[in-house]
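K.L.:
Provided below are the primary sequence and the corresponding predicted coordinates.
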Amino acid sequence: MCLRKKTCWSARSPYQVLCIPALRQVIDLGDLGNSRMVHSLGQSGHPMHPQYDNFIDAWRNFEYHPSNWERTQAEAGKHDVLVLEPAP
């Protein structure tokens, strides 16, 4: 398997990686429901937050999950409802 990776680096410090892509996705154009993805960041996306690296192990181990392209797939998954109301 050949994997191409995009990273940010400087010629002055060629072995210091400054950034990585946050999303890796495989799209099956013949069957969108068969598409897979993995996100490298955690729930917060902020480097100093305790949940920043929640998904790092899945990213490193190429553990993809369905990307739910079809409405029925998205609605069949676990979900909650968030209601935003103005302050009194």
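P.N.:
Ah, there it is. Numbering: from 1, shown residues only.
K.L.:
Please name the bridge partners of the residue nearest to the spatial centre of the chain.
P.N.:
Centroid check for the chain by C-alpha atoms, centre = their mean gives His39 as the closest residue, at 1.5 Å. Listed by DSSP bridges, the beta-bridge partners for His39 are Leu23.
K.L.:
For Arg36, see how far away Pro50 is.
P.N.:
Taking C-beta to C-beta, to the nearest Å as the criterion, Pro50 is separated from Arg36 by 27 Å. From N, CA and C alone the C-beta is placed, and that goes for glycine too.
K.L.:
So for the two, which residue has more residues nearby?
P.N.:
When Pro50 is set against Arg36 and neighbours are counted by other C-beta atoms under 10 Å, the residue ahead is Arg36, at 15 against 10.
K.L.:
Contacts only, for the residue lying closest to that one once chain neighbours are set aside.
P.N.:
Closest residue in space to Arg36, ignoring its immediate chain neighbours: Tyr64 at 3.6 Å, by C-beta to C-beta, 6 or more residues apart in numbering. The contact partners of Tyr64, by C-beta atoms under 8 Å, 6 or more residues apart in numbering, come to Arg24, Val26, Arg36, Met37, Val38.
K.L.:
so which of those would you say is closest to Lys78?
P.N.:
Minimum distance to Lys78 across the contacts of Tyr64 is 16.9 Å, recorded for Met37 (C-beta to C-beta).
K.L.:
Pull out the buried positions in stretch 76-88.
P.N.:
By neighbour count on 16 or more other C-beta atoms under 10 Å, the buried set for stretch 76-88 is empty.
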